[in-house]
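Enquirer: Any chance you could fold what I've pasted below:
(4 chains)
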Protein chains: 2
Amino acid sequence: MFNYQIFKNIENHISLNDVDKEYLLSLFKVKNILKKEYVLKQGQNCNKIYFVEFGSLRAFNLDDKGKESTIMFAVQDWWITDMNSFINRQPASVSIIALENSQVIALDFNLLEELYLQLPKFERFFRILFQNAYIREQQRVLYNISYTTEERYYQFIEKYPAISQKITQKQIASYLGVTPEFLSSVKKNKRS
Amino acid sequence: MFNYQIFKNIENHISLNDVDKEYLLSLFKVKNILKKEYVLKQGQNCNKIYFVEFGSLRAFNLDDKGKESTIMFAVQDWWITDMNSFINRQPASVSIIALENSQVIALDFNLLEELYLQLPKFERFFRILFQNAYIREQQRVLYNISYTTEERYYQFIEKYPAISQKITQKQIASYLGVTPEFLSSVKKNKRS
DNA sequence: CGCGACGTTGATTTGCCTCAACGATTGTGG
DNA sequence: CCACAATCGTTGAGGCAAATCAACGTCGCG
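Expert: All right, here's what the predicted structure looks like:
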């Protein structure tokens, strides 16, 4: 029961004893999700944060013109949610969908708040988690505003090879913020 | 001595007694910065995080073609650093410069690590700080890849009026990732 | 087998950049 | 305090980057 991936993930930053793990298991909800099944739908209130035990998910926004923009992918060992919706109790601006059959561990907002009080070391764990997430997003902003599409494409597949294997060209394009047609033409003019 | 802005900022999320404040004061370095003075130069190792007591700063990347990309602005009551450099001990990918005469409070990386150990409630404080920073950056990514330049311009000045007052068109353009000339032409075709 | 989504290609249009020029503002040294 | 230099914001011409739209072969799935 204790050999969930999530414990290893947490123990990268803080230590857990068996009592902690028992307690955590009482908070977690393990969910199996089918390919193409939605974990969250845009507009809903998102009150859970998810950890991917195995499989892969995609979070994307759908605008009023029908254009999809991929905010993030999550493969094994990643955390994912609509953070603004989760923290500030706002309607979600993204949907989260499974790219393949997956297993996630869901942690409810109120239970997480309770966890912070019961085991303050989780403040540290999530401090480090958010710190890294912030760094990643800040670098992504820099790439978006200062690099070309070609550069961003190759940076993406080099930085996230595990993700790149599981997704389509169309999905990478929506992550980069370009059309699939344009990404296709960029790839044709191979790396100079 | 205790009436620094930074204490109010911290007390938005955790409570401080006078002993805490004394201790904090021993960690802080208060710095006055002149307009156009650099707080951090790209390439250096950044081992400090800064809180803006008053004034305003700008963090920007300079690429090999001489193009500036503004990563963030910080006015009174904001925290700013090159987070990747600060946390991962990497060379900074941005410079930070004062837009006007300013006062910042600098906190050293090692002293912050010490602070986490001495006063664990600061894990909570920075957990919340990074959580919010992550949410902001994630929304900025979404804006970047799914909205037009015109939309992003008006969103920026509505969201950050205090910042908008203090900066030039050129700086907004470099934050949005477009040229000053193009931003100028966008503004001419006023909001339809 | 047949449908629908995907990846590609090409033609056309639009968004945005580059470069150059200009007046207006700001800053600076004498 | 003035004169000059530097930077800023704007405008316009031309070129490239990227979107749009339509067409077509391929593949996975029911």
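
Enquirer: what does the model give the residue of chain A found nearest DNA strand D for pLDDT?
Expert: Closest residue of chain A to DNA strand D, CB to the nearest atom of the strand: A:Phe182 (3.2 Å). Heads up, the C-betas are built off the backbone N, CA and C, glycines and all. As predicted, A:Phe182 sits at a pLDDT of 97.

Enquirer: pretty sure it is in contact with A:Thr149, am I right?
Expert: Yes. Counting by CB atoms under 8 Å, A:Phe182 touches A:Thr149, with 7.0 Å between them.

Enquirer: These two: which is more packed in?
Expert: A:Thr149 (15 against 12; other CB atoms under 10 Å in any protein chain shown).

Enquirer: just checking, what packs against the longest helix belonging to chain A?
Expert: Longest helix of chain A, by residue count under DSSP state H: helix A:121-146. Other helices and strands packing on helix A:121-146, by 3 or more CB pairs under 8 Å, 6 or more residues apart in numbering or on different chains; DSSP states H and E, are helix A:109-118, helix A:149-159, strand B:68-75, helix B:83-88, helix B:121-146.

Enquirer: Dump the ones you listed into a markdown table; add distance to B:Gly177 and mean pLDDT as well.
Expert: Listed next are these as a markdown table, based on distance: least, CB to CB, whole Å; pLDDT from 0 to 100:
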| stretch | distance to B:Gly177 | mean pLDDT |
| --- | --- | --- |
| helix A:109-118 | 34 | 98 |
| helix A:149-159 | 12 | 96 |
| strand B:68-75 | 7 | 97 |
| helix B:83-88 | 19 | 98 |
| helix B:121-146 | 7 | 98 |
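
Enquirer: got the ones you listed as TSV, with distance to B:Leu107 columns?
Expert: Conversion of the helices and strands packed on helix A:121-146 to TSV gives the following (distance: least, CB to CB, whole Å):
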stretch	distance to B:Leu107
helix A:109-118	23
helix A:149-159	30
strand B:68-75	14
helix B:83-88	10
helix B:121-146	10
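
Enquirer: can I get the CA coordinates of stretch A:97-110 in CSV?
Expert: Below are the C-alpha coordinates for stretch A:97-110, written out as CSV (Å, rounded to 0.1, in the frame of the first residue of the first chain):
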residue,chain,number,x,y,z
ILE,A,97,-8.2,15.4,-20.0
ALA,A,98,-6.4,12.0,-20.0
LEU,A,99,-4.2,11.4,-23.0
GLU,A,100,-4.2,7.6,-22.2
ASN,A,101,-5.5,5.4,-19.5
SER,A,102,-4.0,6.8,-16.3
GLN,A,103,-4.1,6.7,-12.6
VAL,A,104,-4.1,9.9,-10.5
ILE,A,105,-4.2,10.6,-6.8
ALA,A,106,-6.6,13.4,-5.9
LEU,A,107,-6.2,15.7,-2.9
ASP,A,108,-9.0,17.9,-1.9
PHE,A,109,-8.5,21.6,-1.2
ASN,A,110,-9.9,21.4,2.4
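
Enquirer: ok, and for stretch A:19-37, which residues are buried?
Expert: A:Asp20, A:Lys21, A:Leu24, A:Leu27, A:Phe28, A:Ile33 (16 or more other CB atoms under 10 Å in any protein chain shown).

Enquirer: So which of those is the closest to B:Asp108?
Expert: Nearest to B:Asp108 among those, counting by CB to CB, is A:Asp20 at 31.7 Å.

Enquirer: so what pLDDT did the residue nearest to that closest one when sequence neighbours are not counted get?
Expert: Nearest residue to A:Asp20, sequence neighbours excluded (CB to CB, 6 or more residues apart in numbering or on different chains): A:Leu119, at 6.3 Å. Listed pLDDT for A:Leu119 reads 98.
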